[in-house]
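Participant: no sequence on this one, just coordinates:
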């Protein structure tokens, strides 16, 4: 792999070292510029790793327009460095208000992108709701979060989707890297550093046992935590039970938890009835995409006063003297906590590589797709996986001809019976 | 739950205590006999847990015909106790030869079952290949193994499937209980007891990172083993890598492994080129359905002589002095090893409950299905999961109306941005 | 390492392959016979691994007298094969009654051994209590169990010990290999195979958090169990808590456990007040040295009747309908269960190597020791560890001169402050 | 427990919530002031948790003099808030140079403390080396680190210790809380946040398998890392091997590691010969007390240039193009990294409680001790453990009289043989 340039003024330098897949695309497409002529909109938490994704799209020839997917997590130095480059335009700055964030996304859409790479489905939802003429011209899109996929499924069901979208979320590569390991590790790391507290010996309640919840729970257990899982799906509940976690309903979990982490993709997972039961000193954190998993309105209504005993911690003083400690204002604790560095870079490398190939595939290879939500094709998912293994120097086996044949036959003549 | 009868002469008594889901169906349908009038064929490893499944079908009213899915694992006392009951007919005995096993399956099929619950797809393959008239009358089937599903997929692709089959294997419940935990734990337990050896500190090579391989690898690591995974799928290889296992190709793994366990569903995963490199004293075991994963012919051809240093161990003496220790003759080590008690009972409870509801659904509720391979419907999978949680006394949450609505909307008005 | 002979009639062949440390002593001392002229008494569970230990003492020149340390665990073929050799005498046979066991130990002691390698302190206690003249001539002894050490400490406190004894138990090597990993893994393996049940998802109560309990609890957790630890020592209780186990008193644990395993070295850890609270179907197993940890008398008194639903399981039927399942009659579940192969061989290799060097050191190197209980010297413990690493092919570092010096100084001139 | 005051201007408020043991001593001794009349010197990393320890000593009546144990880790707001209180005097400020640090410790010693609670043995070493008159009057001391104990052992061997010192490090409570869990978790947390990288899938080399190394390795494995341990002690090496870590010498580990963490208490564990072999991008961190474990001089000599790609990371550019990334300048990564919050508060609560009882015991209860290094008495260690369990609401068992008797006897009349 070619050497990485080390400009002290380049805020992407460190992230670039930990994004070998994206770098390999930069190298491969730096000459041929296969995305030339296309404008690609890119929404994401804006920091160093998404910055490398943006420059990779540009390096492959695209005009890139980018906006935040969440107003609080923008790193100004990254935005400025990218915006300064030819062919890249920022609709973002550090410290945006919610209104500014909203307006900037509309401005971006008015530039009529050919392709939308989204994170939470805000751009795609907005282009459909308020920019129908633009939506009609969009070639396709990609979406990287579970929460966004849920919204796209609802849109598809209503029959209003105007272009094909690859649900990048719903691939093995995305699940295992980003959700299980990325969100899993970085949530715990940020909770630990924000609270200066320890996982070992704590009763850790993980709300939701999807890919994110599974990663959080497994790693909390690996750290020495006593894990408790809450679920609404009986299959996931049983899976958690068999994986060694205690399973209970939130009413019961509320009474025993020291640390609560939500990762459900749903809202009001912790709500008034639960706040009433929680122990003095309980810590509340959210790892789900939107800040709706902890019912903040109810929490404020229930408390007599609040204080900030430590950066990143809002302490709610309940009338009975109990104190509940909310982290990162209920936003994604791993991305918006005070010490947050965002998702680990290697993990985002994989996710952004999926987003890149989603765009490449629809724009360059041009599969003939009706409007709708599609799983990213297996061949692309595998291709990214193979590239990642190459960067790791890991060799795996090829099936022999005999094995390949075996998977295609059903009479099994070689079997002993 | 009603008391379990304790007849010392009843070989199913112990298994019945560990199969609470099946017992709950016996209780629910013992009066109404909803399967009356139907003949159900049942193939499985024949021991106490499958015995409870057979009696559950009978208790619900079906005529039951049963045969082994594998000739070596039959427990004679179970077969005899069931065969003695009215409405249950055995095509099986302990110590069958492969020819007798084959003949018995044909005899069973000549009885023209209405439904076939299969384990490895032998009955379903045979009824299509050699009993076309019977196949034409079969209402439907269920299949519980990955290996069987692979065969059914090939049959469906060839367009020769004559009736609908529920792939019971391919459900969350089946994967997590039977494959991950059942095969995972019982493989390690049987290897430990057969070799009188320890997992801690061993280099354990797990071939294949599907559900079974994942369970074996995770639990071997949990025991203190140093796990190595081999794969042909780059996504699964990466998943293994991120889960903390070393990933290498078999050529490299062959040189470092102390214990090799195959769980790929494919053949010749360990073959001559690997036997050549393995260390003196290496242990070879198979947890895949068929005894083709270790190339036994090549192993015998490569060895100068064999001996039996311990029950269940065949030692191959290589010309260069190395000794390779094959367990259970390369058959399923957890089911056919000398100390094997078969799959843990709680696990089989879940799998057989899925098989039971597969039959119940097609025969009683009668969904209108074309011939083909189907995933078992989610509502059935959930229903079994709920019943299992009830037997465990575990409560989970219901979605609130607000949450239910949230999963169906896409504009997220409650979100803060 | 020289080739191992493979005589099909040699019951020690398999064990010898897994005891590389003992084999290395056989090779080193096979010519020089440094123990010639000494009679060594050896008490142990008599099976293939202790058989290799006995032949190693003999190979090094000693006359060996051996007896069981527990009457139920003797393997007759091993006893016969050893007894047939010149210079080895058995005071044991398979199926001994408790009285015969007792008498045989006295007979052995009447042969006036020079050294006693004990397992549970029975021989050493008997020689002091009833053979004072023999005791007066004994050069020294070794003891390998925690339970035995406890007895020796009491004897030392009373001032009645007549000769020096190396507490082989109390070494890093013994703790980590035999207690944590040997007892840990083999207890779980034997419980799983005896009950045909699964650890995943079970509430596993481990009584005692010494080395054995720690191994059992850690591995049960690694398998997917939901572990609960009970303790009387607040430090160990806290350690368990921080290691991720739930800690409660037995009164509370009795109500929630599915599987109870005692490893305390004390008596009546599970007793009437606990039996009263246990759930229907609870499994009771003991991994402590003596069968006193579960109060069997109280259990029998509390039950209305017993049955044997499965080999190795005694089911106690309580008046209120609950059934409690006792494994292996409350004796060491890993050594006396129906499928037991005893401790894993690699583990016993380490323990018996410690016992061998204990004898070698006192008899050959002759340190001048007063009567009393001694920790085995560090140099011997290290020597065995080094030999084990050699057999594993593992290289470790040597301290540099600079590092060696650093450990001996206290002013730290190289430190930056 | 009485409510904690919440003054926004009180930098100790948050830490006080997570130090329930110390708070319980404040409550117990707040009235009686048993340490009145004594001057206690206290050296430590100066941040919120040590602040609570300092106020606890004061609350119990002592005059407290405090200084940093390490110049880089001082939090100015904590120092100021404490210094402002009557009876507490600071010899510290944020941003001290090494010289100022040194001078301040001497100034403190000139105040002639009666008791010295030390962290790394700097104060105790200095008082012996340069303030012999003061040393002659000191009643006793306590030391909380392994590194400090090593120095004290050397001092004792030389026969120069002038007063008794409790080695607080060498207790079960200290090992398991502070070393295993405190250093273990906070090292990984700080490495993750500093590098914005992930543990899962990384080859993590842990140098040293003492309590700290064990905690780091276990938790890294629990996160999904592929752990490698290096050691100089064959017993610890084997323990690591059996715990599931790969063991190799540093020469070999240098070639495969992605992340190196030293925790040996020795110097130059990573040195020139290792830097030469490390892969491009390798991360180097130290969790040992002193910044001598990574040979910084050799690293600088070997590199062509350095850069700072990210806060807390010094990148060494080797002549062959490889880049080695040193974290926190080789100082304790968990305490001096850029995002460090120091040891988790619950962990320090235990350690500082041990220090408190060490002082209380020697000053108030007055055991008659010769100069020398002593393990803290078991009764004190147990007392702190019991208090911690109380604050957790965890109940444990008391031995019955019968069990108590059993531990004291050796004939075991109740045993069945």
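Facilitator: That came in fine, so what should we check first? Computed from a predicted structure; not experimentally measured.
Participant: Let me know the helix or strand that residue A:406 is in.
Facilitator: Here residue A:406, judged by DSSP states H and E, is contained in helix A:401-408.
Participant: Residues in contact with that helix: which ones?
Facilitator: A:399, A:412, A:414, B:150, B:154, B:232, B:266-269, B:292 (CB atoms under 8 Å, 6 or more residues apart in numbering or on different chains). From N, CA and C alone the C-beta is placed, and that goes for glycine too.
Participant: Recalculate using a threshold of 6 Å.
Facilitator: B:154, B:266-267 (CB atoms under 6 Å, 6 or more residues apart in numbering or on different chains).
Participant: before we move on, what about stretch A:137-151?
Facilitator: A:114-121, A:124, A:152, A:163-169, A:265, A:289, A:351, A:355, A:358, A:362, B:410.
Participant: List the buried residues in the helix holding residue A:406.
Facilitator: Within helix A:401-408, the residues that count as buried by 16 or more other CB atoms under 10 Å in any protein chain shown are A:403, A:406-407.
Participant: Just list the residues touching the residue in chain A positioned nearest to chain D, thanks.
Facilitator: Of all residues in chain A, the one sitting closest to chain D is residue A:222 (2.4 Å; CB to the nearest CB). Contacts for residue A:222 (CB under 6 Å, 6+ apart) come out as D:222-223.
Participant: how distant is whichever strand or helix holds it from the center of its chain?
Facilitator: In this structure, residue A:222 is located in helix A:211-223 according to DSSP H and E. In terms of CA atoms, centre = their mean, to the nearest Å, the centre of helix A:211-223 is found 16 Å from the chain centre.
Participant: any idea how far chain C is from the spatially most central residue of chain A?
Facilitator: The residue lying closest to the centre of chain A (CA atoms, centre = their mean) is residue A:145, at 5.0 Å. Per CB to the nearest CB, to the nearest Å, residue A:145 is found 29 Å from chain C.
Participant: Look up the pLDDT of that residue for me, please.
Facilitator: If you check residue A:145, the pLDDT there is 85.
Participant: Could you give the backbone dihedrals for it?
Facilitator: phi -120, psi 150 (degrees, to the nearest 10).
Participant: in the stretch 251-400 of chain A, what residue is nearest chain C?
Facilitator: residue A:256 (10.2 Å).
Participant: give me the number of residues near that residue?
Facilitator: 16 (other CB atoms under 10 Å in any protein chain shown).
Participant: Tell me which other helices or strands the helix or strand of chain A with the lowest mean pLDDT touches.
Facilitator: Least confident element among the helices and strands of chain A, by mean pLDDT, DSSP states H and E: helix A:172-173 (a mean of 82). Applying 3 or more CB pairs under 6 Å, 6 or more residues apart in numbering or on different chains; DSSP states H and E, we find helix A:172-173 packed against helix A:378-392.
Participant: and if we set it to 8 Å?
Facilitator: helix A:378-392, helix B:234-242 (3 or more CB pairs under 8 Å, 6 or more residues apart in numbering or on different chains; DSSP states H and E).
Participant: Does the first one reach chain B?
Facilitator: Yes. Part of helix A:378-392 sits near chain B under the criterion CB under 8 Å from any CB of the partner chain, namely A:381-382, A:385-386, A:388-389, A:392.
Participant: Please render these as a markdown table that adds pLDDT, neighbour count and distance to chain C to the earlier fields.
Facilitator: Shown next, in a markdown table, are the residues of helix A:378-392 next to chain B (pLDDT from 0 to 100; neighbours: other CB atoms under 10 Å in any protein chain shown; distance: CB to the nearest CB, whole Å):
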| residue | pLDDT | neighbour count | distance to chain C |
| --- | --- | --- | --- |
| A:381 | 92 | 21 | 29 |
| A:382 | 93 | 16 | 30 |
| A:385 | 95 | 27 | 27 |
| A:386 | 94 | 15 | 32 |
| A:388 | 94 | 26 | 28 |
| A:389 | 94 | 19 | 27 |
| A:392 | 91 | 16 | 25 |
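Participant: What is the burial count for the residue in the stretch 51-200 of chain A that chain C sits nearest to?
Facilitator: Chain C sits closest to residue A:200 of the stretch 51-200 of chain A, with a gap of 4.8 Å, by CB to the nearest CB. The local packing of residue A:200 (other CB under 10 Å) involves 26 other residues.
Participant: Over to residue A:192?
Facilitator: 24.
Participant: Pretty sure it sits against residue D:186.
Facilitator: Yes. Counting by CB atoms under 8 Å, residue A:192 touches residue D:186, with 7.5 Å between them.
Participant: so what's the residue nearest to residue A:293 when sequence neighbours are not counted bridging to?
Facilitator: Closest residue to residue A:293 apart from its sequence neighbours, by CB to CB, 6 or more residues apart in numbering or on different chains: residue A:262 at 3.8 Å. With DSSP bridges as the criterion, residue A:262 is bridged to residue A:207, residue A:286.
Participant: quick one: residue A:112 and residue A:39 touch, right?
Facilitator: Yes. Counting by CB under 8 Å, residue A:112 sits close enough to residue A:39 to count as a contact (7.1 Å).
Participant: List the residues that contact residue A:244.
Facilitator: Residue A:244 neighbours (CB under 8 Å, 6+ apart): A:221, A:227, C:200-201, C:221, C:223-226.
Participant: Actually, residue A:220.
Facilitator: Counting by CB under 8 Å, 6+ apart, residue A:220 has contacts A:188, A:199, A:204, A:206, A:227.
Participant: how far away is the fourth one from residue D:398?
Facilitator: The reference is to residue A:206. Separation of residue A:206 from residue D:398 (CB to CB, to the nearest Å) stands at 35 Å.
Participant: The two - which one has more neighbours?
Facilitator: Set side by side, residue A:206 and residue D:398 show more neighbours around residue A:206, with 33 against 10, by other CB under 10 Å.
Participant: Return the subset of the contacts of residue A:220 lying in helices.
Facilitator: Cross-referencing the contacts of residue A:220 against helices under DSSP state H gives residue A:188.
Participant: Which of the contacts of residue A:220 has the largest number of neighbours?
Facilitator: residue A:206 (33 neighbours).
Participant: Check the burial of residue A:98 by counting its neighbours.
Facilitator: 11.
Participant: Just confirm it contacts residue A:71, I think it does.
Facilitator: Yes. With contact defined as CB under 8 Å, residue A:98 reaches residue A:71; the gap is 5.8 Å.
Participant: For residue A:323, grab phi and psi.
Facilitator: phi -120, psi 130.
Participant: Look up how far residue A:348 lies from residue A:339.
Facilitator: 18 Å.
Participant: between the two, who's got more neighbours?
Facilitator: residue A:348 (29 against 19).
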